[in-house]
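Q: Generate coordinates for the sequence data below:
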Amino acid sequence: MPRPPKQDPEFLQAALIGLQRTLEEVEQHIADLRSRLGVHSESKATPGRAKRTLSAAARKRIALAQKKRWAAYKANGKEAAEPQPKRKLSAAGRARIVAATKKRWADIRKARQAEVKPAPRVKAAVAGPPAAPAAE
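A: Numbers count the residues shown, from 1 in each chain. Predicted coordinates:
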């Protein structure tokens, strides 16, 4: 992979200064448009509902209900359930898969052979000027 050419630090510094000036101009335009719209704060307005706060009593009720649900879940013994054994493929199932794969590839090969391929072009003999009679 070719290396990128080395950059001159002065060139990069000048590019950085130019980009900063452009950024300042863009920010000035944004501030101008916001002042025209009547938006005075720099914070972004969040669409949708305002954030809701819950009272301490409501948070406590929710926490107790969640603890109750977890207790019921653990009481049913779902936490200590054994993992299911891995599934194994039977010899008959494997044979069916192999046969289907061989059939599929045979059909693909047959379709490729059946495709009509254009005959190779043969260059026509170009007739040149007539041969001169041999002088005797």
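Q: Return the distance of the host helix or strand of Y73 from the chain's centre.
A: Using DSSP states H and E, Y73 maps to helix 56-75. Helix 56-75 sits 40 Å away from the centroid of its parent chain (CA atoms, centre = their mean, to the nearest Å).
Q: so where does R52 fall, helix or strand?
A: Per DSSP H and E, there is no helix or strand for R52.
Q: How many residues are close by it?
A: 5 (other CB atoms under 10 Å). All C-beta atoms are positioned from the backbone trio N, CA, C, and that covers glycine.
Q: just R34 next, same as before
A: Quick note: R34 (other CB under 10 Å) scores 13 neighbours.
Q: what about it, distance to F11?
A: Per CB to CB, to the nearest Å, R34 is found 35 Å from F11.
Q: sorry, back to before: pull the helix holding Y73 out as CSV, backbone CA atoms only.
A: C-alpha atoms of helix 56-75 as CSV (Å, rounded to 0.1, in the frame of the first residue of the first chain):
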residue,chain,number,x,y,z
ALA,A,56,-40.3,8.7,46.6
ALA,A,57,-43.5,6.7,47.5
ALA,A,58,-44.0,5.8,43.8
ARG,A,59,-40.4,4.6,43.5
LYS,A,60,-40.7,2.5,46.6
ARG,A,61,-44.0,0.9,45.3
ILE,A,62,-42.2,0.0,42.0
ALA,A,63,-39.2,-1.4,43.8
LEU,A,64,-41.3,-3.6,46.1
ALA,A,65,-43.4,-4.9,43.1
GLN,A,66,-40.2,-5.8,41.3
LYS,A,67,-38.8,-7.6,44.3
LYS,A,68,-42.1,-9.5,44.6
ARG,A,69,-41.9,-10.6,40.9
TRP,A,70,-38.3,-11.8,41.4
ALA,A,71,-39.2,-13.7,44.5
ALA,A,72,-42.0,-15.5,42.6
TYR,A,73,-39.7,-16.2,39.7
LYS,A,74,-37.0,-17.7,41.9
ALA,A,75,-39.6,-19.7,43.9
